[in-house]
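> Okay, here's the prediction I keep looking at, along with the sequence it came from:
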Amino acid sequence: MALAQPMPMHPGSMPAASAATAAAPRDGRVPVAFPPALKREVLATMRMHLQGLAQIQQAMAQGRYDQAARLASMTLGMSSMHGDQARREARYMPPGMRELGARLHMQAGQFALAAQDATATGDAARPQRLFGRMMQTCVACHASYRLQ
């Protein structure tokens, strides 16, 4: 009879003693300090962007590129920033974070135009490619920076 081999454990299922002694990985992201009220606004905007991306993806899956274009403009485009929000946030952002934010808003505009074209032509390859670039920009920013 073969001896039972221990089952590998998932990272979140360590016994208490092991979890306490395991070293936490170092967070190498650049910390970005916002005043508390502005931090809440930034986090709310990021959640809006994330929800917008999910809705855009759903619209594309349904072949509704006109709706995807509207969603991109409303939730990720330059018009998604209200009042002087962009200027207030930019004062606290490192240059690289500002550049990634500006890139995302520019990409959203490009995506909206490509999605409108796809509505007329039926060619979905370009908006899908641009959607992937928007996601890559979000991932790059969140992998590089963290709010304090």
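The structure has been received and is ready for your questions.

> And the pLDDT for residue 11?
We have a pLDDT of 51 for residue 11.

> Next: residue 87.
86.

> Number of residues surrounding it?
Residue 87 has 9 neighbours, counted by other CB atoms under 10 Å. C-betas here are computed from N, CA, C, even on glycine.

> do the same with residue 108
Neighbourhood size, residue 108 [other CB under 10 Å]: 28.

> what's the answer for the one 3 residues further on, then?
Residues lying near residue 111 (other CB under 10 Å) number 29.

> which secondary structure elements does the helix or strand hosting it contact?
Residue 111 is part of helix 95-121, with elements assigned from DSSP states H and E. On a contact count with 3 or more CB pairs under 8 Å, 6 or more residues apart in numbering; DSSP states H and E, helix 95-121 meets strand 30-32, helix 36-61, helix 65-75, helix 85-90, helix 125-144.

> Now find how far off-centre the fourth one is within its chain.
Counting by CA atoms, centre = their mean, to the nearest Å, helix 85-90 is centred 18 Å from the centre of its parent chain.

> Give me the buried positions along that helix.
Buried residues in helix 85-90, counted by 16 or more other CB atoms under 10 Å: 86, 88-89.

> Check which helices and strands that helix sits against.
The contact analysis (3+ CB pairs under 8 Å, 6+ apart) places helix 85-90 against helix 36-61, helix 95-121.

> In the protein, where is pLDDT below threshold?
Scanning the chain for pLDDT under 70 picks out 1-22, 80-83.

> one more time with 50, if that's ok
Along the chain, the model assigns pLDDT under 50 to residues 1-7.
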